[in-house]
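Peer 1: sequence first, then the predicted structure, then my questions.
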2 protein chains.
Amino acid sequence: MGEKREVAAAAEEQAAVATVAKPSCYSLVFKLPAGGGNHMASREDREPAEEELFVPPLNFAMVDCGLYRSGFPDTANFSFLKTLSLRSVLCLCPEPYPKANLEFLEENGIRLFQFGIDGRKEPFVNIPEDTITEALKVVLDVRNHPLLIHCKRGKHRTGCLVGCLRKLQHWCLTSIFDEYQRFAAAKTRVTDLRFIERFDTASLSYEFRAVKFARLKFTSPLI
Amino acid sequence: MGEKREVAAAAEEQAAVATVAKPSCYSLVFKLPAGGGNHMASREDREPAEEELFVPPLNFAMVDCGLYRSGFPDTANFSFLKTLSLRSVLCLCPEPYPKANLEFLEENGIRLFQFGIDGRKEPFVNIPEDTITEALKVVLDVRNHPLLIHCKRGKHRTGCLVGCLRKLQHWCLTSIFDEYQRFAAAKTRVTDLRFIERFDTASLSYEFRAVKFARLKFTSPLI
């Protein structure tokens, strides 16, 4: 069953920052020099003062504008995640969210949606269709963007959710499976592919249309 | 050597459509019913009238907002590519661009940048650093976005270009290689990884900073 848990403190923080404009998507972010409040492109700050590198989470990728996927983030990934200006994180693991991650979300006004799906082995356990449907409703709500979807390794549960999103986007199954397998590789589960193939998108068509219109309205041309 | 070829007809078409606002990124596109000029979310058009599915090119993925990567697109991919509202295509193959693809670009006002790099086998041929640098300048110019980078299979040449872009974005090498290998898989070339590792981003820091500021200026918050 889908278990939706929201972190109250994060929600309060979210409300507090609701009026702060966040970019609709992360955009070729690079590291500014420490303490660099000066946004003018002066010669001095072309090169970052420090050599700290970003560490994206395992299996990190962009799904769509304002939508990301990955494995479970840990503290090493937090400085990178900050560059995404996330509004929400959608976790597909049922375990209690780690304290360090909760603190990171609270500090950055990021809301947590949790839809617990057991990390299971084929061939005997099925992915709960109602949980994926509820999770997709969160994904399709642009008010939650930029949003990061993650599970443990960013392969199976995340792969199923993204695969169902691609069905809504009218991708052919060949391309959906190709994308799934790019992340799952040798760990590909036939039960996941069958779940995606059978998933009925009809109940989400309204939400899908809504996100399209919201984006057309709020997305500006670059130049 | 980097060979930059622009298609004159496409450039003219591009100039003609320069004032037409295009979305900064593709956003959960789905197929509208045939002849559907009505953009209101009426009950009747929640479901696409036809069952045609989109076929993204081989190894298609989103690199960043307004940036895509793939293998060589063919006619089966054109209806999908139209949904991306591309302004430009950057091809890394040296062969003459196919007639059908040129026609598609012309019809849709898409500019072609071609930086020919031989499809080579290791261990004896090196990727030309100057060509990658020139290609990256095109990638970093937001006036060319939305832009699709492609080579033959979307693995090696495209992987090198995206890998160098990730260096500019200050990703650690582990994450850069992880992304490269997600596409190249068993075809991973050690020479490509060494090229990315050795690539000097210093000469591109100005262009990289420029794209960041342009995006901050032109990207609106979703809501």
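Peer 2: In hand now; what should we look at?
Peer 1: ends of stretch A:61-81, how far apart?
Peer 2: Start-to-end span of stretch A:61-81 (Cα to Cα, to the nearest Å) is 12 Å.
Peer 1: what do you get for stretch A:67-84?
Peer 2: 10 Å.
Peer 1: what's the mean pLDDT across that stretch?
Peer 2: For stretch A:67-84, the mean per-residue pLDDT is 97.
Peer 1: with stretch A:164-182 instead?
Peer 2: Mean predicted lDDT for stretch A:164-182 stands at 96.
Peer 1: so for it, what gets flagged as buried?
Peer 2: By 16 or more other Cβ atoms under 10 Å in any protein chain shown, the buried positions in stretch A:164-182 come out as A:164-172, A:175-177, A:179-182. Every C-beta, even on glycine, is put in place using the N, C-alpha and C of the backbone.
Peer 1: now the strands for chain A?
Peer 2: All strands of chain A, identified by DSSP state E, fall at A:4-5, A:61-64, A:67-70, A:88-91, A:111-115, A:147-150.
Peer 1: just to revisit the earlier point, which of the buried residues of stretch A:164-182 lies closest to B:Met62?
Peer 2: The closest of the buried residues of stretch A:164-182 to B:Met62 turns out to be A:Glu179 (Cβ to Cβ; 10.7 Å).
Peer 1: OK, contacts around the closest one?
Peer 2: By Cβ atoms under 8 Å, 6 or more residues apart in numbering or on different chains, the contact set of A:Glu179 is A:159, A:162-163, A:166, B:61.
Peer 1: if I look at it, how far off is A:Val162?
Peer 2: In this view, A:Glu179 and A:Val162 are 7 Å apart by Cβ to Cβ, to the nearest Å.
Peer 1: ok, now A:His150?
Peer 2: Distance from A:His150 to A:Val162, by Cβ to Cβ: 11 Å.
Peer 1: over to A:Arg143?
Peer 2: 20 Å.
Peer 1: hey, which helix or strand in chain A has the poorest pLDDT?
Peer 2: helix A:8-16 (a mean of 41; mean pLDDT, DSSP states H and E).
Peer 1: about what we covered before: with neighbour numbers in mind, choose between A:Arg143 and A:Val162.
Peer 2: A:Val162 (23 against 14; other Cβ atoms under 10 Å in any protein chain shown).
Peer 1: any weak-confidence spans in chain A?
Peer 2: The model of chain A has pLDDT under 70 over residues A:1-51, A:120-125, A:213-223.
Peer 1: rerun at 80
Peer 2: Where chain A drops to pLDDT under 80, the residues are A:1-52, A:119-126, A:206-223.
Peer 1: now the helices: where do they sit in it?
Peer 2: Secondary structure of chain A (DSSP state H): helices located at A:8-16, A:78-82, A:99-107, A:129-139, A:157-168, A:173-184, A:190-198, A:205-218.
Peer 1: and the fifth one, what does it pack onto?
Peer 2: Just to be clear, that refers to helix A:157-168. strand A:61-64, strand A:67-70, helix A:129-139, strand A:147-150, helix A:173-184, helix A:190-198 (3 or more Cβ pairs under 8 Å, 6 or more residues apart in numbering or on different chains; DSSP states H and E).
Peer 1: repeat for the third one
Peer 2: Applying 3+ Cβ pairs under 8 Å, 6+ apart, we find helix A:99-107 packed against helix A:8-16, strand A:111-115.
Peer 1: could you give the angle of it to strand A:111-115?
Peer 2: Helix A:99-107 runs at 130 degrees relative to strand A:111-115, counting by axes from the mean of the first three to the mean of the last three Cα atoms, to 10 degrees.
Peer 1: got the CA positions of helix A:99-107 in CSV?
Peer 2: Extracted C-alpha coordinates of helix A:99-107, given in CSV (Å, rounded to 0.1, in the frame of the first residue of the first chain):
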residue,chain,number,x,y,z
LYS,A,99,18.1,11.8,10.2
ALA,A,100,20.9,13.5,8.2
ASN,A,101,18.7,13.5,5.1
LEU,A,102,15.7,14.9,7.1
GLU,A,103,17.9,17.7,8.4
PHE,A,104,19.1,18.5,4.9
LEU,A,105,15.6,18.7,3.6
GLU,A,106,14.5,21.0,6.5
GLU,A,107,17.5,23.3,6.1
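Peer 1: check which residues of it are buried.
Peer 2: Residues of helix A:99-107 classed as buried by neighbour count (16+ other Cβ under 10 Å): A:101-102, A:104-106.
Peer 1: report how many residues lie close to the closest residue to A:Asn108 other than its chain neighbours.
Peer 2: Using Cβ to Cβ, 6 or more residues apart in numbering or on different chains and skipping residues adjacent in sequence, the residue nearest A:Asn108 is A:Lys82, 6.4 Å away. A:Lys82: 15 surrounding residues under other Cβ under 10 Å.
Peer 1: cool, and A:Ala186?
Peer 2: Around A:Ala186 there are 6 residues (other Cβ under 10 Å).
Peer 1: and it, how close does it get to A:Cys91?
Peer 2: For A:Ala186, the distance to A:Cys91 - Cβ to Cβ - is 25 Å.
Peer 1: can you check A:Gly109 too?
Peer 2: The value you get for A:Gly109 to A:Cys91, if Cβ to Cβ is used, is 17 Å.
Peer 1: who has more neighbours, these two?
Peer 2: A:Cys91 (25 against 20).
Peer 1: hey, what's that one bridged with?
Peer 2: Note on A:Cys91: beta-bridge partners by DSSP bridges are A:Gln114, A:His150.
Peer 1: quick check: it touching A:Cys151?
Peer 2: Yes - the criterion here is Cβ atoms under 8 Å, and A:Cys91 meets it with A:Cys151 at 7.3 Å.
Peer 1: before we move on, back to that, now the strands of chain A as CSV including distance to B:Val139?
Peer 2: Listed next are these as CSV, based on distance: least, Cβ to Cβ, whole Å:
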stretch, distance to B:Val139
strand A:4-5, 40
strand A:61-64, 15
strand A:67-70, 20
strand A:88-91, 29
strand A:111-115, 33
strand A:147-150, 24
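Peer 1: any idea how far A:Ser175 lies from chain B?
Peer 2: 5 Å (Cβ to the nearest Cβ, to the nearest Å).
Peer 1: contacts only, for that residue.
Peer 2: A:166, B:54-56, B:60.
Peer 1: equivalent analysis for A:Phe78, please.
Peer 2: A:Phe104.
Peer 1: before we move on, back to that, the residue nearest to A:Asn108 and chain B, how far apart?
Peer 2: Counting by Cβ to the nearest Cβ - A:Lys82 and chain B are separated by 13 Å.
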